[in-house]
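Novice: Sequence and predicted structure are below.
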Amino acid sequence: MSKLEAIQSDAIRVDEVLDGGPSGCGELLMLLHSRLRQLPASHVIEVITYDLGAKEDLPAWCRLTGHSLLAVHDQHYFIRKRNEP
């Protein structure tokens, strides 16, 4: 179990849920980007995805974009939107 998985997901206040279902990485990241643009800074979005590549793609995308991956639990990813400069 990774450090991220060890964080209790029920202790995270979720502001928005994005159910990506079986969407592939490219489509999922476009959906996520679009949804995050609508949210205020520091809000948390829970992304649900069944894409096996999300395990590596979502953490990498968060690092590249400056958003924080708070926790991962099964196929649920909890991401905090970065503070805008």
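Specialist: All right, it came through fine.
Novice: And for the host helix or strand of Ile79, what's in contact with it?
Specialist: Under the criterion of DSSP states H and E, Ile79 resides in strand 76-80. For strand 76-80, the surrounding residues in contact (CB atoms under 8 Å, 6 or more residues apart in numbering) are 9, 12, 14, 32, 36, 42-49, 54, 58, 62, 67-72. Any C-beta I mention is one placed from the backbone N, CA and C, and that applies to glycine too.
Novice: Only whichever of those residues are buried, select them in PyMOL.
Specialist: Selection of buried members from the contacts of strand 76-80 for PyMOL, criterion 16 or more other CB atoms under 10 Å:
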select buried, resi 9+12+32+36+44+45+46+47+49+54+58+62+67+69+70+71+72
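Novice: In helices, which of the contacts of strand 76-80 appear?
Specialist: 32, 36, 54, 58, 62 (DSSP state H).
Novice: what mean pLDDT does the strand holding Ile79 have?
Specialist: Across strand 76-80, the average pLDDT comes to 96.
Novice: With stretch 56-66 instead?
Specialist: pLDDT averaged over stretch 56-66 gives 96.
Novice: List the buried residues in that stretch.
Specialist: For stretch 56-66, by 16+ other CB under 10 Å, it's 57-59, 61-62.
Novice: Having no further points to raise, I will conclude here.
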